Each structure stands twice: as structure tokens, then as C-alpha cells.
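Novice: Attaching a predicted model along with its sequence, questions to come.
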Amino acid sequence: YTRGHAERVTELSVKLAEEIGYEKEEIRTLKFGGILHDIGKIGVPAYILSKPSKLTDKEYDLMKRHPEIGATIVKDVEFLQPCLKIIRNHHERIDGNGYPDGIKGEQIPGLVKVLTIADAFDAMTTDRPYRKALSMEETKRRLLNNAGTQFDEKLVNIFIDKVIPELNNV
């Protein structure tokens, strides 16, 4: 699922970023960041990535390292510098309870906030080793329930009002 996931997250992120008026260069950064946001999973054992049941605390701690691993992989590639924060911080939360840095609110760059919503949406709407895809209604409900804590509330509303309806027109 990872390859298709990165492509879908990139596409959804770009649609949201265009909807809110990001410039061409920022969209380019978002495209690289979207494709590479989970590259750190290279450093996570395969059995964890494909485990069909709940992760143990130790396994979850290993999984939570993937953003840092990804940032380390790309940190010395000059043209990827603009997307480094996307790769490192795509699991941060508005309330500061995310990882790896525990940043919150306005500390989280805008492009990261955009990708975080697309990433969660795709994770919820696709089958995973540990569960079947959620319905669109349940996914929207979860996005709205987590707006203001996990996700940027304004961006969630735009995503639900503008991006999701476009998916049905493709």
C-alpha cells in the first residue's frame, strides 16, 4: 500500500494546497514531500509495517521513528531541503501531542498541516493490514472530530467541502 499511498497523499495535498492558494514553488515542494513523506519506513522492520494486529508499545515506538529516519535520509540532498519539514513533521498535531518534535499550532508549517490531513484521509479510506477501509462518512466524522486537536480546523473544513467532492468527479 505504501507506494500508492504516497501518490494519493501527494495528489490530495496538492488539491488542498491549490484550493487555499499556495504558489507554484510551494506546490512543487509539497509534491516532493508527499512522495517522500514515508521514506523513513525503510528503517522500520517489515513485520511491523505488515502486522495484521495491534502493535506493541515497542513496535509502535519503532514505527514512530519513521519521520526522523526519513529526515535523516534526505537531509544532505540540497534540492530536497524545502520538503524536510514535511517529511519530519507529518505526524505532528495541532495540540502538540504529535511526534517527533511535539510542536503545535502555528509552529507547524502550513504545508505540513496540509499533508497531515491528506495522509490521515488516505490512511482511513484504504485497507490496511490491521483493518478494512473506513466509509467516507466515518472518515469525515473522524476528521471533523479531530479538527482543532490533531488537524488544522480551517483546513479540515476546506478539505471536506472542496477536495472530497472533487474525488467523486474523477
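Specialist: Yes, it's here.

Novice: low-scoring stretches of this protein, by residue?
Specialist: Low-confidence segments of the chain (pLDDT under 70): 1-3, 169-170.

Novice: Can you name the residues in contact with the one helix or strand Thr116 maps to?
Specialist: Secondary structure from DSSP states H and E places Thr116 in helix 110-125. Under the criterion CB atoms under 8 Å, 6 or more residues apart in numbering, residues 5, 8-10, 12-13, 16-17, 20, 22, 26, 29-30, 33-34, 37, 85-86, 89-92, 94, 108, 133-134, 136, 138-139, 142-143, 146, 150-152, 155-156, 159, 164 lie in contact with helix 110-125. Just so you know, the C-beta spots here come from the backbone N, C-alpha and C atoms, and that holds for glycine as well.

Novice: Buried only: go through those residues for me.
Specialist: 5, 8-10, 12-13, 16-17, 22, 29-30, 33-34, 37, 85-86, 89-92, 94, 108, 134, 139, 142-143, 146, 150-152, 155-156, 159, 164 (16 or more other CB atoms under 10 Å).

Novice: Among the residues you listed, which ones are in helices?
Specialist: Those of these mapping onto helices are 5, 8-10, 12-13, 16-17, 29-30, 33-34, 85-86, 89, 139, 142-143, 155-156, 164, per DSSP state H.

Novice: can you give me how far stretch 87-104 is from the chain middle?
Specialist: 11 Å (CA atoms, centre = their mean, to the nearest Å).

Novice: first vs last residue of it, how far apart are they?
Specialist: Taking CA to CA, to the nearest Å, stretch 87-104 runs 16 Å from one end to the other.

Novice: in it, what's buried?
Specialist: Those would be 87-94, 98-101, 103, for stretch 87-104 by 16+ other CB under 10 Å.

Novice: with those residues in mind, which one is nearest to Gln81?
Specialist: Of all these, Gln81 sits closest to Ile87, with 10.7 Å by CB to CB.

Novice: Now do the contacts for the closest one.
Specialist: By CB under 8 Å, 6+ apart, the neighbours of Ile87 are Gly33, Leu36, His37, Ile39, Gly40, Pro67, Gly70, Ala71, Val74.

Novice: mind listing which of the residues you listed are in strands?
Specialist: Secondary structure assignment by DSSP state E places none of these in strands.

Novice: farthest pair in these?
Specialist: Gly33 and Gly40 (12.6 Å).

Novice: Thank you, goodbye.
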